[in-house]
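I'd like to go over a predicted model; first the sequence, then the structure.
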Amino acid sequence: MKNPILALEEINIEVRNRSILKIANFELQAGELLGVMGPNGAGKSTLLKTLALLELPTKGIIKFQNKPINANSALEVRRKFAVALQQSLLLDMSVYQNVALGLKIRNRSRREIKEKVSYWLEVFKISHLAKKHAYHLSGGEAQRVNLARAMILQPEILFLDEPFSALDFPTKVQLLKDIKNVVEQTSTTTVFISHDLMEIKYFTNTLAILIDGEIKQYGPTDEVLSFPNRSSATFIGEWNQLLS
């Protein structure tokens, strides 16, 4: 039985009278690990911003747990989400302080903050970096801090916008394994935008192909990649040629 946690209905986002995202109907299921792929300029980041309520569309409806979201309720719902981008955007403070920030903003107790920060630093294997200044981290270390900062909020939906694209291959592979274990163990619904077919195949269980602002194909990841429809065949075929 389907259990949509987030839904888009008749979404149309235009810039300078040009439609950059047009979604008639789309549902994100609870516990889903959704991958989003498409060519440059397809609207992937706009789709993520819309789903994550970072930008509210002027046309269409977004529903969270079957309840329509408006300008008044958007902030409350957005607090149930977490976003990790390609750039870790860590603040000018220690690793510990960066990871603790979200809980401090939510006025959690000092004891709870200490316990949860310690736990998530350990999960992402960065406990030894707790006192290190964020600006002195490697790319992989910074992304681990970024993900710990997101997961400490226990988000109902985690949004990942190409967080591994700037990492070297061994670092990327290990971090992919670690974050996949985390989201599976916590049953965290995840939306993962990537241009890397290896990442998509490994991490996701469903896949949406976005072209010209429209979802051209959606379904189980293996099925979409093995049996692309006419709209997505060219894009997927180009990726398969690059990997062959």
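Yes, it's here.

Show me the protein divided up by domain.
1-79+205-244, 88-193 (automatic domain parsing).

mind checking which of these is nearest Glu199?
With CB to CB as the measure, domain 88-193 is the member of those nearest Glu199 (6.3 Å). From N, CA and C alone the C-beta is placed, and that goes for glycine too.

Of the domains of the chain, flag the one that's most buried.
For the domains of the chain, ranked by mean neighbour count under the definition mean count of other CB atoms under 10 Å, the leader is domain 88-193 at a mean of 18.

where along this structure do the strands fall?
If DSSP state E is used as the criterion, the strands of the chain fall at 4-15, 18-29, 33-37, 61-64, 67-68, 81-85, 157-161, 189-193, 206-211, 214-220.

For Ser231, which of these is the nearest?
Ser231 lies closest to strand 214-220 among the strands of the chain, at 3.7 Å (CB to CB).

Okay, now the unreliable bits of the protein?
Of all residues in the chain, those with pLDDT under 70 make up the ranges 1, 238-244.

Tell me where it has helices.
In chain order, the chain shows helices spanning 44-51, 74-78, 95-105, 110-123, 139-151, 169-186, 197-203, 221-226, 230-243, with DSSP state H as the criterion.

Pipe those helices into a markdown table and attach distance to Asp212 per row.
A markdown table is the format used below for the helices of the chain (distance: least, CB to CB, whole Å):
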| stretch | distance to Asp212 |
| --- | --- |
| helix 44-51 | 12 |
| helix 74-78 | 27 |
| helix 95-105 | 36 |
| helix 110-123 | 39 |
| helix 139-151 | 30 |
| helix 169-186 | 29 |
| helix 197-203 | 20 |
| helix 221-226 | 17 |
| helix 230-243 | 9 |
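
Tell me which of these lies nearest to Glu214.
Using CB to CB as the criterion, the shortest distance between Glu214 and those is 8.4 Å, found for helix 230-243.

before we move on, the earlier item: now the domains of the chain in JSON lines, with distance to Glu199?
As requested, the domains of the chain are arranged in JSON lines below (distance: least, CB to CB, whole Å):
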{"stretch": "domain 1-79+205-244", "distance to Glu199": "8"}
{"stretch": "domain 88-193", "distance to Glu199": "6"}
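
quick one: stretch 115-125 to chain centroid distance?
The chain centroid and the centroid of stretch 115-125 are separated by 20 Å under CA atoms, centre = their mean, to the nearest Å.

and if you look at stretch 92-99?
22 Å.

can you check stretch 2-10 too?
On the basis of CA atoms, centre = their mean, stretch 2-10 is displaced by 16 Å from the centre of the chain it belongs to.

Tell me which of the helices of the chain approaches Ser88 most closely.
helix 139-151 (3.9 Å).

just to revisit the earlier point, could you dump the strands of the chain to TSV with distance to Ser231?
As requested, the strands of the chain are arranged in TSV below (distance: least, CB to CB, whole Å):
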stretch	distance to Ser231
strand 4-15	18
strand 18-29	14
strand 33-37	13
strand 61-64	24
strand 67-68	29
strand 81-85	28
strand 157-161	23
strand 189-193	19
strand 206-211	6
strand 214-220	4
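
just so I know, which of these lies nearest Leu129?
Nearest to Leu129 among those is strand 81-85 (17.2 Å), distances taken as CB to CB.

Not counting stretch 94-112 itself, show me its contacts.
Residues external to stretch 94-112 that are found in contact with it (CB atoms under 8 Å, 6 or more residues apart in numbering): 79, 82, 90-91, 113, 116-117, 120-121, 126, 129-134, 137, 145, 148-149, 152-153.

ok, Val36 touching His195?
No. The criterion here is CB atoms under 8 Å, and Val36 misses it with His195 at 10.1 Å.

The closest residue to Ala130 other than its chain neighbours and Glu115: what is the separation?
Spatial nearest neighbour of Ala130, chain neighbours left out: Tyr96 (4.4 Å); criterion: CB to CB, 6 or more residues apart in numbering. With the distance defined as CB to CB, to the nearest Å, Tyr96 ends up 13 Å from Glu115.
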